[in-house]
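Trainee: Fold the stuff below for me.
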Amino acid sequence: MLTRRDRAQVPPGTPGIMATRTLANSHPGLLALLRPGLDVLDVGCGPGTLTIETARWVLPGRVIGLDVNEGMLAAARQASPPGALPNLTFLHGDIRDGGWDTEFDLVGAARVLQWIRDVERAVTAMVAALRPGGQMIVLDYDHTRARWTNPPAAWIRFHRAFLDWRANGGLDNALARGLPDLLEAAGLVELRVTPLAVTVSAGQPDFFRVAGAWRLVAESRGRQMVSAGALTEAEREAAVADFAEWMRREDAVQTLHEACVTGRRP
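Mentor: Now for the predicted structure:
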């Protein structure tokens, strides 16, 4: 069973990889919306890398980084201690618990909703947090379309097991495709959908950061999968080792598919 605690768990080493992200290389759709004076809620802020950058862009606007994972919040507060940026606060909490009412000009979640089973409840709470006329931006994956050139058999087996494990836990593997309908059903208008295919090849500066994130998935989520009976430990270890070897190949290419969707609260 994929529990709420399981979904909130973050792979060891993830904060380090996420710390190399910038709005420009990881979430340009959000960067395009930022301007001074906006009040922003960042749902699932993680180690705060993009949240901190957002706070600098919108000064003197208020920015709240919200996350359910205390370890991630500790990393965020270390990166930007309380008071370092006067407009930035990191809070522990689950967006599904609500409590925000027409307080923000912009509410966003980047690669977060994929780990929420009752995603409609999360989206409804995010919309409630928006002021009339405010904008919401969501970025997330379609895991079913992830591709690797000539991947090892152990990795193919792992990825298939990963999809099955998520689906059995009530998570949407193709969430990116359903985001427009989710936002429209929650009452947002003027939807804009930007499909994204992110391809990295061996030798590119970002290759090990982007592809390496998947090895971390096998290292950590893979252990959860083993505990759930979705994979054996031997299969997990083979997937980690073979994927690490695959990343060293000169012809290695990875393509991930995402969608960035924005909408406005009337």
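Trainee: got the buried residues for the helix or strand containing Asp181?
Mentor: For Asp181, the element it lies in under DSSP states H and E is helix 175-185. For helix 175-185, the neighbour count (16 or more other C-beta atoms under 10 Å) marks Leu175, Ala176, Arg177, Gly178, Leu179, Pro180, Leu182, Leu183 as buried. Every residue, glycine included, has its C-beta placed from N, CA and C.
Trainee: ok, of the residues you listed, which one's closest to Trp246?
Mentor: Using C-beta to C-beta, Ala176 comes nearest to Trp246 of those, at 24.4 Å.
Trainee: and the gap between that closest one and Val253?
Mentor: Distance of Ala176 to Val253, computed by C-beta to C-beta, to the nearest Å: 20 Å.
Trainee: Just send the buried residues of helix 175-185 back as JSON lines, with distance to Val193 too.
Mentor: JSON lines is the format used below for these (distance: C-beta to C-beta, whole Å):
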{"residue": "Leu175", "distance to Val193": "13"}
{"residue": "Ala176", "distance to Val193": "9"}
{"residue": "Arg177", "distance to Val193": "10"}
{"residue": "Gly178", "distance to Val193": "11"}
{"residue": "Leu179", "distance to Val193": "8"}
{"residue": "Pro180", "distance to Val193": "5"}
{"residue": "Leu182", "distance to Val193": "12"}
{"residue": "Leu183", "distance to Val193": "9"}
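Trainee: At the geometric centre of this protein, which residue sits there?
Mentor: Arg111 (1.9 Å; C-alpha atoms, centre = their mean).
Trainee: so it touches Tyr141, yeah?
Mentor: Yes. Using C-beta atoms under 8 Å, Arg111 is in contact with Tyr141, at 6.5 Å.
Trainee: Show the model's pLDDT score for Gly98.
Mentor: Model confidence at Gly98, given as pLDDT, is 87.
Trainee: Likewise for Arg209?
Mentor: So Arg209 comes in at 87 (pLDDT).
Trainee: what's the burial count for it?
Mentor: By other C-beta atoms under 10 Å, 17 other residues sit near Arg209.
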